[in-house]
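> pasted the sequence and its predicted model underneath.
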Amino acid sequence: MTRPDSITEVAHRASDVTVFWYQVMDFIDEFRKLRDPRMLSDEPALLAAHFEAGQIADAYLAAVAVTLAREIGVAPAGWAQSASRQLLRPWFAHPGPALRATLLAESPAAFRERNLFVSANALSRA
């Protein structure tokens, strides 16, 4: 299977949370190779109703879109600012309290703004 060529394709392929995470990373790789802002422009379908972590996935896609747009120096797409793309309660990439302080400190702005707390290298394969 080829890598997703747009952020909308990530949502389209995301049949469950595991597939979602693989598709996100494949999309990031493809985006960083092509650096085409059109890959971020169309709003992906909301996943909240499709699987248990769908709300997290919806916010995560917005954070990814904003982060990647900033990487190439373009304005983020308007859809990424939607309230439906923000969590009401904080979500931490690592369960339990041990790493919360680290995730709070390291999380990139686009993720913090959506109540997502991830490591500084969350969008990296390294």
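Happy to help now that I have it.
> I'd like the next helix or strand past the helix or strand of the chain with the lowest mean pLDDT.
In the chain, the helix or strand scored least confidently by mean pLDDT, DSSP states H and E is helix 100-106, which has a mean of 94. Read in the C-terminal direction, the helix or strand following helix 100-106 is helix 109-112, with elements assigned using DSSP states H and E.
> who touches that next one?
Helix 109-112 is contacted by residues 60, 62-64, 66-67, 70, 76, 117-118, 122 when judged by C-beta atoms under 8 Å, 6 or more residues apart in numbering. Just so you know, the C-beta spots here come from the backbone N, C-alpha and C atoms, and that holds for glycine as well.
> pairing partners for the helix or strand just after it, with directions?
Sequence-wise, the next helix or strand downstream of helix 109-112 (DSSP H and E) is strand 116-117. Strand partners for strand 116-117, identified by DSSP bridges, are recorded as strand 91-92 (parallel).
> now the least confident helix or strand of the chain: buried residues?
For helix 100-106, the neighbour count (16 or more other C-beta atoms under 10 Å) marks 103, 106 as buried.
> closest to L34 out of the contacts of helix 109-112?
Checking the contacts of helix 109-112 against L34 with C-beta to C-beta, the nearest one is V64 at 15.0 Å.
> roughly how far does the residue sitting furthest away from the middle of the chain sit from I56?
Relative to the centre of the chain, the most outlying C-alpha is that of A98, 23.3 Å out, by C-alpha atoms, centre = their mean. According to C-beta to C-beta, to the nearest Å, A98 stands 20 Å off from I56.
> got it, and L103?
Between L103 and I56 the computed distance is 14 Å (C-beta to C-beta).
> same question, V74
If you go by C-beta to C-beta, the gap between V74 and I56 works out to 25 Å.
> neighbour count for the two, which is higher?
Between V74 and I56, counting by other C-beta atoms under 10 Å, I56 is the more crowded of the two (20 against 13).
> pull the helix or strand that contains that one out as PDB, backbone CA atoms only.
Taking DSSP H and E as the definition, I56 sits inside helix 54-71. Below are the C-alpha coordinates for helix 54-71, written out as PDB (Å, rounded to 0.1, in the frame of the first residue of the first chain):
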ATOM      1  CA  GLY A  54     -11.400   9.000  17.600                       C
ATOM      2  CA  GLN A  55     -11.600  12.300  19.400                       C
ATOM      3  CA  ILE A  56      -7.900  12.100  20.200                       C
ATOM      4  CA  ALA A  57      -7.200  11.200  16.500                       C
ATOM      5  CA  ASP A  58      -9.200  14.300  15.400                       C
ATOM      6  CA  ALA A  59      -7.200  16.600  17.600                       C
ATOM      7  CA  TYR A  60      -4.000  14.900  16.700                       C
ATOM      8  CA  LEU A  61      -4.600  15.400  12.900                       C
ATOM      9  CA  ALA A  62      -5.100  19.100  13.500                       C
ATOM     10  CA  ALA A  63      -1.900  19.400  15.600                       C
ATOM     11  CA  VAL A  64       0.000  17.500  12.900                       C
ATOM     12  CA  ALA A  65      -1.400  19.800  10.200                       C
ATOM     13  CA  VAL A  66      -0.500  22.900  12.100                       C
ATOM     14  CA  THR A  67       3.000  21.600  12.900                       C
ATOM     15  CA  LEU A  68       3.800  20.600   9.300                       C
ATOM     16  CA  ALA A  69       2.400  23.900   7.900                       C
ATOM     17  CA  ARG A  70       4.700  25.800  10.300                       C
ATOM     18  CA  GLU A  71       7.600  23.600   9.200                       C
END
